[in-house]
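Peer 1: Next come a sequence and a model predicted from it.
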Amino acid sequence: MIFRQIKPISLSRASGSALWFLWDDYHNHTLTGKYSPAPEEHAMMDRCIAFLDSDLEYEWPPFRGASFGLVLLRAFGFRKKAADAEKRELEELAKFGDLEVWPFLRREDWQRART
């Protein structure tokens with residue numbers, strides 16, 4: 001197995017949170033067949049691998065997860081208010097960079113890493 005140089009801890013936490021759904025405590029499997037990721041999940045995995053292979057620094061603000069208010073709204077079934085709160089949080093995060101190419105901050109960096 002080839003071990004990559006470890007990126008800053010903020011990326012490790014952020015990518016771990018973003019990729020946790022790929023983990024299974026009960027059995028080993030490959031990401032094929034019924035375990036095959038959706039196209040957007042596969043694209044995110046490709047970006048994470050490309051970022052880890054790059055020499056770029058992780059520039060996003062520290063990952064903090066969903067706000068406590070958003071968690072409460074979801075827990076008590078306020079779907080519309082939760083959706084509005086999530087939209088506001090994503091809009092705030094989008095001020096830092098291009099969310100569609102996370103963990104890259106800029107689309108140009110992602111495009112450069114793909115070549």
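Peer 2: Alright, I've got the coordinates. Residues are numbered from 1 along each chain as shown.

Peer 1: Would you point out the helix or strand in the chain whose mean pLDDT is lowest?
Peer 2: helix 9-19 (a mean of 56; mean pLDDT, DSSP states H and E).

Peer 1: after it, next one along is what?
Peer 2: Where DSSP states H and E defines the elements, the next helix or strand beyond helix 9-19 is helix 39-53.

Peer 1: List the buried residues of the helix or strand following that next one.
Peer 2: Counting by DSSP H and E, the element after helix 39-53 in chain order, helix or strand, is helix 68-75. Using 16 or more other CB atoms under 10 Å as the test for burial, helix 68-75 gives 70, 73-74. All C-beta atoms are positioned from the backbone trio N, CA, C, and that covers glycine.

Peer 1: any chance of these in JSON lines, plus distance to Lys87 and pLDDT?
Peer 2: Formatted as JSON lines, the buried residues of helix 68-75 follow (distance: CB to CB, whole Å; pLDDT from 0 to 100):
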{"residue": "Leu70", "distance to Lys87": "10", "pLDDT": "73"}
{"residue": "Leu73", "distance to Lys87": "12", "pLDDT": "78"}
{"residue": "Arg74", "distance to Lys87": "14", "pLDDT": "76"}
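
Peer 1: between these, which is nearest Arg88?
Peer 2: Leu70 (9.2 Å; CB to CB).

Peer 1: residues touching the nearest residue to Glu100 once chain neighbours are set aside, list them.
Peer 2: Closest residue to Glu100 apart from its sequence neighbours, by CB to CB, 6 or more residues apart in numbering: Arg107 at 7.5 Å. Counting by CB atoms under 8 Å, 6 or more residues apart in numbering, Arg107 makes contact with 98, 100-101.
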